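S.K.: Just a sequence and a predicted model for now, questions to come.
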Amino acid sequence: MAEIKDILALMRSIAPESATEPGFDDNVGLLVGSERGSTDTALLCLDCTENVIAEAAAKGAKLVISHHPVIFRGIRSVTDGDPTGRTILAAARAGVSVYSAHTNLDFCDGGLNDYAAELAGLSDVRPMLEEGGVKVGRYGRLKETTLSGLADSLAAAFDDRHIRIIGGGAEKITSAAVVNGGGGDIGFLRRAMELADCYVTGDVPHHVQLYAAQSGYPLVVMQHYSMEAVYMKRLSVLLGKAAEARGMGVRFAVAESEYNPAQQEVL
C-alpha cells in the first residue's frame, strides 16, 4: 500500500501543476476526492469516465490519474443528468479520488510531446517555442522519407488508421514539428512552417487546414485519442520506477475500459 498523497507527489515531480500551457484555461490537480487514504493500485487513463471509475472500483484502485481533466471548465451542478456529473458521483460513491495532469504533462520533459516526438522518429529534438518556462511543442530531424511514408510510420506507431494529409508540396521530408493531441492553433502551424518540413498534430479546424493547403505546406492530422492514449503505458513505467525507488507498494495499471470515441469505420 502507498499513501495517495505520496503517489500524487510523484506525479507532481514529473509534471508540476504550475507548468501548464501559458494562456490556456487549464484545470489540473486533484479534482475529485481526497489526498488522504492509501491504495495498492492507481489506474491511469486518458479520459476519466463512468466506465473507468467502475474499473477502478473493481480493481481496488482508490486513485485514478487521468490526462484530460474530469472537470475541464466550470460546472454549475453535479447531477446524474450528464456524463460529467455521473462520473463525479460514481467516484464519490466508490471512494475513488481523481487527479488530472493535462498540459503540464503534455509539455514537461519526458511527457506526452516528447514521447510523440520519439514515436514519430525525430532526432535532435527541440521545443517549438518556450513560454514562461514551458516548452510547447517539439521539432527535430527525420530520416529522409516521403509524406506518405511518414504517415504510414505514424499510423503504425500510434495505431491510428485515420490519418489525413492536408497541403503537400514536399516530396521529401527531413524534419517535422509535433504537438500531441490538440495542436490545431494557427499560431502553432505558422511556427511549424518556420522550423520544419511538415507539422503533425490533431484537432485541426477547417480554417487552419485551409491555410496549410493554400500555403502548400504539409499538415499531418492524427486523431487526438491516438496521439495521447499510447502514452499511458509509458507513464505507468515512469511512475512505477519512481515508486519502486522510494519503496512504495503501489501498482500503476492502464485502464482497459476506455476507448476512442471517434474510432468509427466509414460505411
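M.R.: Nice, thanks for sending it over.
S.K.: just checking, residue 71 is part of a helix?
M.R.: No - Residue 71 is assigned coil when assessed by DSSP: H, G, I helix; E, B strand; the rest coil, not a helix.
S.K.: Give me the distance between it and residue 139.
M.R.: To residue 139, residue 71 is 33 Å away according to CB to CB, to the nearest Å. For every residue, glycine as well, the C-beta is placed using N, CA and C.
S.K.: give me the low-pLDDT residue ranges for the stretch 101-250 of the chain?
M.R.: Applying pLDDT under 70 to the stretch 101-250 of the chain flags the ranges 169-170.
S.K.: buried set for the helix of greatest length in the chain?
M.R.: Identified as the longest helix of the chain according to DSSP state H is helix 231-245. Within helix 231-245, the residues scored as buried using 16 or more other CB atoms under 10 Å are 231-232, 234-236, 238-240, 242-243.
S.K.: what residues are up against residue 123?
M.R.: Residues in contact with residue 123 (CB atoms under 8 Å, 6 or more residues apart in numbering) are 140-142.
S.K.: at 10 Å what do you get?
M.R.: 117, 140-143, 175 (CB atoms under 10 Å, 6 or more residues apart in numbering).
S.K.: Just send those back as TSV, with distance to residue 223 too.
M.R.: Formatted as TSV, the contacts of residue 123 follow (distance: CB to CB, whole Å):
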residue	distance to residue 223
117	17
140	22
141	25
142	21
143	24
175	23
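S.K.: Now, those residues that are in strands?
M.R.: Among the contacts of residue 123, the members falling in strands (DSSP state E) are 140-143, 175.
S.K.: Of the residues you listed, select the buried ones using a PyMOL command.
M.R.: The PyMOL selection below is limited to those of the ones in strands among the contacts of residue 123 classed as buried (16+ other CB under 10 Å):
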select buried, resi 140+141+142+175
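S.K.: Looking at the ones in strands among the contacts of residue 123, spot the one nearest residue 155.
M.R.: When these are compared for distance to residue 155 (CB to CB), residue 142 comes out closest, at 15.5 Å.
S.K.: got TSV for the buried residues of helix 231-245, with distance to residue 19 too?
M.R.: Converted to TSV, the buried residues of helix 231-245 look like this (distance: CB to CB, whole Å):
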residue	distance to residue 19
231	17
232	20
234	18
235	16
236	21
238	16
239	18
240	22
242	18
243	21
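S.K.: Pick the one among those residues closest to residue 217.
M.R.: Distances from residue 217 to the buried residues of helix 231-245, taken by CB to CB, are shortest for residue 231, at 26.8 Å.
S.K.: Let me see the contact set for the closest one.
M.R.: With CB under 10 Å, 6+ apart, residue 231 has these contacts: 44, 46, 67, 105-106, 111-116, 119, 180-181, 238, 254.
S.K.: Recalculate using a threshold of 6 Å.
M.R.: 112, 115 (CB atoms under 6 Å, 6 or more residues apart in numbering).
S.K.: now residue 92
M.R.: Counting by CB under 6 Å, 6+ apart, residue 92 makes contact with nothing.
S.K.: cutoff 7 Å now
M.R.: The contact partners of residue 92, taken as CB atoms under 7 Å, 6 or more residues apart in numbering, are residue 32.
S.K.: Need the phi and psi values for it.
M.R.: Per-residue torsions, residue 92: phi -60, psi -40 (degrees, to the nearest 10).
S.K.: again with residue 37
M.R.: According to degrees, to the nearest 10, residue 37 has phi 100, psi 180.
S.K.: so what's it scoring on pLDDT?
M.R.: Per-residue pLDDT puts residue 37 at 96.
S.K.: then the longest helix of the chain to PDB, C-alphas only?
M.R.: Taking C-alpha atoms only, helix 231-245 is exported to PDB below (Å, rounded to 0.1, in the frame of the first residue of the first chain):
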ATOM      1  CA  TYR A 231       1.500   7.400 -23.500                       C
ATOM      2  CA  MET A 232      -0.400   5.800 -20.600                       C
ATOM      3  CA  LYS A 233       1.800   2.700 -20.700                       C
ATOM      4  CA  ARG A 234       4.900   4.900 -20.700                       C
ATOM      5  CA  LEU A 235       3.500   6.900 -17.700                       C
ATOM      6  CA  SER A 236       2.900   3.600 -15.800                       C
ATOM      7  CA  VAL A 237       6.600   2.700 -16.300                       C
ATOM      8  CA  LEU A 238       7.800   6.200 -15.200                       C
ATOM      9  CA  LEU A 239       5.600   6.200 -12.100                       C
ATOM     10  CA  GLY A 240       6.400   2.500 -11.300                       C
ATOM     11  CA  LYS A 241      10.100   3.100 -11.300                       C
ATOM     12  CA  ALA A 242       9.800   6.300  -9.200                       C
ATOM     13  CA  ALA A 243       7.600   4.400  -6.700                       C
ATOM     14  CA  GLU A 244       9.900   1.500  -6.500                       C
ATOM     15  CA  ALA A 245      12.900   3.700  -5.900                       C
END
